Every structure is written in structure tokens, then in C-alpha cells.
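In: with the sequence up front, the predicted model follows.
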Amino acid sequence: MTTTTEAAVAAPEAPGLGEAFREYVTRIRGGQLGSLPAVLGLIVLVILFTVLQGSTFFSAFNLANLMSQGAMIIVIAMGLVFVLLLGEIDLSAGFAAATCAAVLGVCLTQKGWPLPLALVACLLTGVAIGLINGLLVAQLGAPSFVVTLSMFLALQGVLLLVIGEGGTIPIDDSVILAIQNNNLTPIGGWILYLIVMLGYGLTTGLRLRRRRANGLVTKSPSVWLFQLISIGVLYGLATFFLNQERSRHPELTSIKGVPYIVPLILVLLVVLTFVLSRTAFGRHVYAVGGNSEAARRAGISVKGVKLACFIICSLLAAVAGILFASRDNSVSPSTGGSTTLLYAVAAAVIGGTSLFGGVGKVSDAVIGGLVVAVIANGLPLVTQQSGIQYIVTGLVLLVAATVDALSRRRSSAT
């Protein structure tokens, strides 16, 4: 016979696959859309460009190129997620990446510093930029829009002073260049696949078991298994596709394997997701973004959280600066400029991060970044009019912002 204590701690019966799907539909109707619009948009765009330019767009060569193109936007968007969760904005992230890349180039090429010291100088520059932004916003209470817009303009000037008008700093370090231009071996790609899938399966499976042991509501094993298999199939197909020969002249040079940039993005995704979802700091970020006054009364250091988020944003911009230097083999006054910041903000918002604060995940930056990258990669194959690319990207961002506003209204009403 079950005792009262055992009944109290017994885990509630988890819904099966069918019931879980119905609950998911109910949440969607209630306005909790998450990344669903971005995922559906990504699927539609891939199908559309495959139909229009299948032989070119849906190829191993273009898929690898697409990842390389979107990597910088995704990394900057990951940092912006932290700031957007607070209901703030950082308009300086694009030129912060460029300034950090310039510091890296000066230290490596002009000063001849060892690579580790040059990387430290690059990352510390990002921390310094974020520290200035965070102090002005958190301590003085200045609007983040004005503060980071001022930094946006100032960093353009710093970049010109470091590089020189019309100048370029070449990057010839083999390790830096390899990040965006080299690939894992096919065997290395499958080893990475096994590590990712085993890590994901073990962490999510142990968490499910721990929640059930503590009597908490959790997903059923069938739902967990369905998610694991779905991710495994999609990631496996991508690995298989990237392991195919994609060199136009394989008899001279063979190009195959998963690009190095993929494991780098995965590491950042895992670490930053852990920070936001499994640490006290992450819970404080959501609390401040949801209601800063309530968070302050609950004993949370609102100023400290804001300062840390701006530092994280600029630190990730510094990482993106390293990727810029790797992809372009140089740093110039145009690095990080043009549409870089706009695309990064668009990536975070399109992926599902709310502009109003309190809602979003790091994975939103990855999904939204892929949407932006697919548009930027696929449209030039269909039309040579660059104006159409800006119009389409702007419309996609407008739809994402509208969906965000409507879903918040619907969620509040329900």
C-alpha cells in the first residue's frame, strides 16, 4: 500500500506523445510560439530556393558556404539575446566586432605578438567595450539606445584610427585562417556527431529522470525519445551531406567534411544555454527582463545583471571579430559595418527573442541567423537585384516583430 509521503513525492504521470502534441498546440493558441515561426520560415525558404535553384543552392558546397557566411551574424546575435532579454539594445555590436578584430590584426601582424596574447587582447577589448556600455546604462541609467548608438559612432572612429583611412591589416596566422576555411575529416565529423548526440541524450535523459524522482512535472520518455531521434536524423543528414566531396576540381584539391565553425557554434550554444537555463544568473536575467522592479525587490542586483549582459554581448562580438578576420583574411574599415548589426538584431528577433524582454533563448539566435543567412545566400542565386534582398529581409523582420507583439498580447489575454 502506498504511504502518504510516497504519494506526495510521486511524479505526476507524464503525457504521452499524442497528448504532448495537443498540449503544444494549446500553448501555440495561447500565444507561446517560441521559435516555431522561424523554423517554419526556414523550411519554406529552403524549399523555395531548392525549387528555384536546386542544383546550386542545395549542394554540399553551398551548404558549407552558408554556415561560414552566417557564423558571424549568429555569434553576434547570441550576445544580443542577453541584452534583448533585459528589454535593452546594443547598437554597437557590429563595430565592436570590427574593433576587436583590428586589435587582433595589429597585435598579430604589426606587433608580432604570439597568438594567445593577441587573442587575449582581442577579447579584453570586447570586455572593455561592454563594460563602458554596461556602466553607462546600469549605473547612470542612460537609455541603452543612446549609449550604444554613441558607441557605434565612436567605434567607427577608433577603427579608422587603428587601421587608417582605406587601410587594411592582413591576417596570415594559419590557426586564425583555419577557423573559417578548414574542415574536420569525415571521420572527425562523425565523431563530433556521436559526441553531440550522446551528450544531448545523457544530459536530457538524466534531467528527465531527476525531475521524475523529485515528483516534478516532466515530459514522457516517448516524447524525449521522439525529440532525440528527430535531432539525430537531421544532424546526421547534415553531417553526411557535408562529408561529400564539394571541390570543383577534386583531382587537384579535395574539400570535404564538417567546417570547423560548426563545433565552435555548438560549443557556444551549449555553454550559453547552460548559463541562461541552469544557473542563478540566467534566472536573474529573465527576472530582470520580465519585471526589473520586482526583481530588485526580490534581492536581485539589477545593475549587476545589466552590466554582465552588456559585457557578455561585447565579448561575443569580439569572438565574431575573430571570425571576420578568419573569413576575410584581413581587417578593413568596412569590417563589421554595412548590415552586420541589423542582420544580427534581425536574427535574434526572427528566432523568437522578444524585443520587450523576458522571452528568448540562445538557440533563437542560431535559428534566426540561419534564416537570415539563407535569405542572403539564396536570393542572389534567384535575382541579381540587391534591393530585393533588403526588402525581403526587412519584411521577414517586420513579420517577426509583429508576431512577437501579437503573441505577447494573446499570451496576456489567456
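Out: Everything's here; your move. Numbers count the residues shown, from 1 in each chain.

In: low-confidence stretches in the stretch 301-414 of the chain?
Out: 386, 404, 407-414 (pLDDT under 70).

In: distance from the chain centre to stretch 191-208, please.
Out: Distance of stretch 191-208 from its chain centroid, counting by CA atoms, centre = their mean, to the nearest Å, is 20 Å.

In: check which residues of it are buried.
Out: Within stretch 191-208, the residues scored as buried using 16 or more other CB atoms under 10 Å are 192-193, 196, 200-201, 208. Heads up, the C-betas are built off the backbone N, CA and C, glycines and all.

In: same thing with stretch 375-383?
Out: Neighbour-count burial for stretch 375-383 [16+ other CB under 10 Å]: 375-379.

In: can I take it that Gly394 is in a helix?
Out: Yes. Using DSSP: H, G, I helix; E, B strand; the rest coil, the assignment for Gly394 is a helix.

In: could I get the buried residues of stretch 375-383 as JSON lines with secondary structure?
Out: Below are the buried residues of stretch 375-383 laid out as JSON lines (three-state DSSP):
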{"residue": "Ile375", "secondary structure": "helix"}
{"residue": "Ala376", "secondary structure": "helix"}
{"residue": "Asn377", "secondary structure": "helix"}
{"residue": "Gly378", "secondary structure": "helix"}
{"residue": "Leu379", "secondary structure": "helix"}
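
In: which of those sits closest to Leu124?
Out: Relative to Leu124, the closest of the buried residues of stretch 375-383 is Ala376; by CB to CB it sits at 31.1 Å.

In: wait, the closest one touches Gln389, no?
Out: Yes. Between Ala376 and Gln389 there is a contact under CB atoms under 8 Å: 6.4 Å.

In: related to what we said a few turns ago, can you tell me which of the buried residues of stretch 375-383 is closest to Asp328?
Out: Proximity of the buried residues of stretch 375-383 to Asp328 (CB to CB) peaks at Ala376, which lies at 15.8 Å.

In: dump the residue contacts of Ala320.
Out: By CB atoms under 8 Å, 6 or more residues apart in numbering, the contact list for Ala320 reads 71-72, 75-76, 97, 336.

In: separation between it and Leu161?
Out: From Ala320 across to Leu161, the span is 21 Å (CB to CB, to the nearest Å).

In: over to Thr204?
Out: Distance from Thr204 to Leu161, by CB to CB: 49 Å.

In: over to Leu272?
Out: As judged by CB to CB, Leu272 and Leu161 stand 32 Å apart.

In: wasn't Ala98 part of a helix?
Out: Yes. The assignment for Ala98 (three-state DSSP) places it in a helix.

In: find the residue closest to it in space, skipping its chain neighbours.
Out: Leaving aside its chain neighbours, Ala98 sits nearest to Gly336 (3.0 Å; criterion: CB to CB, 6 or more residues apart in numbering).

In: could you do Ile312 as well?
Out: Leaving aside its sequence neighbours, Ile312 sits nearest to Phe82 (CB to CB, 6+ apart; 4.9 Å).

In: so Ala401 sits against Phe356, correct?
Out: No. Applying CB under 8 Å as the test, Ala401 and Phe356 come out as separate, 10.2 Å apart.

In: make sure Arg212 is indeed in a helix.
Out: Yes. Membership of Arg212 in a helix is supported by three-state DSSP.

In: on that earlier part again, so which of the contacts of Ala320 is the most crowded?
Out: Ala97 (35 neighbours; other CB atoms under 10 Å).

In: from Val382, how far out is that one?
Out: 29 Å.

In: residues in contact with Ala64?
Out: Taking CB under 8 Å, 6+ apart as the test, what Ala64 contacts is 183, 242, 246, 259.

In: ok, the last one - contacts?
Out: Applying CB under 8 Å, 6+ apart, one finds that Pro259 lies in contact with 64, 67-68, 180, 182-184, 242.

In: again with the third one
Out: Taking CB under 8 Å, 6+ apart as the criterion, Arg246 is in contact with 59-61, 64, 255-256.

In: and if we set it to 10 Å?
Out: Residues near Arg246 by CB atoms under 10 Å, 6 or more residues apart in numbering: 59-65, 183, 254-257.

In: of these, closest to Leu237?
Out: Leu63 (10.8 Å).

In: one step back: give me the subset of the contacts of Arg246 lying in helices.
Out: Using DSSP state H to define helices, the subset of these located there is 60-65.
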